[in-house]
Structures are given as structure tokens and as C-alpha cells.
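Colleague: Sharing a model prediction with you, sequence too.
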Amino acid sequence: MHDNLPLHVAAEENLASYNFEIIDFPEYSPDLTPIENLWGTLKKKVKQDAPKTKRQLTNSLKKNWELLTEVENLEPYFENLRER
């Protein structure tokens, strides 16, 4: 999957030679980019922690990132990409 970034387009032939399926997306489509949705969730979680100091913010970011990036927690960000 790529968004027509010149680097991605240039790599298309190489990816095809390894039998990667290439899925084109509009040039700017944050709803189709799992990381954008993940950032939104991380922001909400950190806001719920309401850190008051730099240390609390750092701890909240680390804790929530570790939780969000566990395989079972990542699945919802990818499972309906094809339909979108």
C-alpha cells in the first residue's frame, strides 16, 4: 500500500518482483493510514492520564504506546482497510 509518494512509486517494480500486492491510495488519506488513527488514540489515552510534568507525560506516552502496539490492540486499525 502506498500513497503515490515518488519514492513509493519508484519502488513499485522492485516490490512487484517479490510478489507484493500493491494497493494505491489517494495522495492524502489520513483515514486510510493506520498510524494516523493510532496517533489519535494515543493522544486520547495520554489526555485521560492528564500528565502534569514532563516525566508524567513521558511515562504516559511510553505506557500507552506499549499497550496500543500490542498485536491484539493493533488489529482494529487494519481489519477494515480494504473496505475503506
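Modeller: It's in.
Colleague: where does the chain dip in pLDDT?
Modeller: For the chain, the stretches with pLDDT under 70 are 1-4, 24-32, 82-84.
Colleague: from what I can see, I35 looks like it's in a helix, true?
Modeller: Yes: under DSSP: H, G, I helix; E, B strand; the rest coil, I35 sits within a helix.
Colleague: Run a quick neighbour tally on it.
Modeller: 10 (other CB atoms under 10 Å). (C-beta placed from N, C-alpha, C; glycine too.)
Colleague: now it: how far from P51?
Modeller: From I35 across to P51, the span is 22 Å (CB to CB, to the nearest Å).
Colleague: Show me the domain layout of the protein.
Modeller: According to automatic domain parsing, the chain comprises the domains 1-28, 33-84.
Colleague: which ones are touching the most centrally placed residue in the chain?
Modeller: Central residue of the chain (CA atoms, centre = their mean): I35, 1.5 Å from the mean position. By CB atoms under 8 Å, 6 or more residues apart in numbering, the contact list for I35 is empty.
Colleague: please redo it, this time with the cut-off set to 10 Å
Modeller: Counting by CB atoms under 10 Å, 6 or more residues apart in numbering, I35 touches L42, Y77.
Colleague: What of K47?
Modeller: Per CB under 10 Å, 6+ apart, neighbours of K47: S60.
Colleague: Could you name the specific helix or strand carrying it?
Modeller: Secondary structure from DSSP states H and E places K47 in helix 34-49.
Colleague: Could I get the buried residue list for that helix?
Modeller: L38, L42, K45, V46 (16 or more other CB atoms under 10 Å).
Colleague: Which secondary structure element is home to the residue nearest to the last one when sequence neighbours are not counted?
Modeller: Meaning V46. In space, not counting the residues next to it along the chain, V46 is nearest to S60; the distance is 4.8 Å by CB to CB, 6 or more residues apart in numbering. Assigned by DSSP H and E, S60 belongs to helix 54-68.
Colleague: Helix 34-49 and that helix, what's the angle between them?
Modeller: 130 degrees (axes from the mean of the first three to the mean of the last three CA atoms, to 10 degrees).
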